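K.L.:
Following is a predicted model, sequence given first.
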Amino acid sequence: QVQLAESGGGSVQAGGSLRLSCVASGRSVSNYAIAWFRQAPGKERDYVASVDWNGSKVDYENNVKGRFTISRDHGKNTVFLQLAGLKPEDTAVYYCAARSLWATRIAAEYAFWGQGTQVTVSS
């Protein structure tokens, strides 16, 4: 079983930056793809970014491409999401999720989820 815990959220002004962390416990996630999703109030959970199990491929949703960066540290069992150039429309709860080997953009295909971390961007 994999447990995921997000941290690093907060409140920033537009144009600011944050670094989110997703720490895995219970077992190594070295053979798991990790994705970030976000959910704004009253909206569906949307895909943000992902990294495959070996880091060979990273992928970003178009609205965050060039502003967000996903990376992973196998030694620390941690995946990071660097947020830069934040906009008010980035306000949401951000979740990390894990699935075996290869990432997809479909939330239902991820077996393990964290509890989320709130990101609030003011204009």
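P.N.:
Yes, it's here. Numbering: from 1, shown residues only.
K.L.:
confidence score at the one residue sitting closest to the centre of the chain?
P.N.:
The centre of the chain sits closest to residue 36, judged by Cα atoms, centre = their mean, with a distance of 2.6 Å. For residue 36, the pLDDT comes out at 98.
K.L.:
which phi and psi does residue 89 have?
P.N.:
As for residue 89, its main-chain torsions (degrees, to the nearest 10) stand at phi -70, psi -10.
K.L.:
can you check the one 5 residues further on too?
P.N.:
For residue 94, the backbone dihedrals are phi -100, psi 130 (criterion: degrees, to the nearest 10).
K.L.:
May I have the residues that are in contact with it?
P.N.:
6, 9, 20, 36, 37, 38, 48, 81, 116, 117, 118, 119 (Cβ atoms under 8 Å, 6 or more residues apart in numbering). From N, CA and C alone the C-beta is placed, and that goes for glycine too.
K.L.:
In strands, which of those residues appear?
P.N.:
Cross-referencing these with the strands (criterion: DSSP state E) gives 6, 20, 36, 37, 38, 48, 81, 117, 118, 119 as the overlap.
K.L.:
Arrange those residues in CSV, one row each, with distance to residue 60 as further columns.
P.N.:
Output for those, formatted as CSV (distance: Cβ to Cβ, whole Å):
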residue, distance to residue 60
6, 18
20, 14
36, 10
37, 13
38, 12
48, 7
81, 10
117, 19
118, 21
119, 16
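K.L.:
Could you give the bridge partners of residue 70?
P.N.:
Beta-bridge partners for residue 70, by DSSP bridges, are residue 81.
K.L.:
Give me the distance between it and residue 63.
P.N.:
Using Cβ to Cβ, to the nearest Å, residue 70 is found at 14 Å from residue 63.
K.L.:
and what of residue 96?
P.N.:
As for residue 96, its distance to residue 63 is 18 Å (criterion: Cβ to Cβ).
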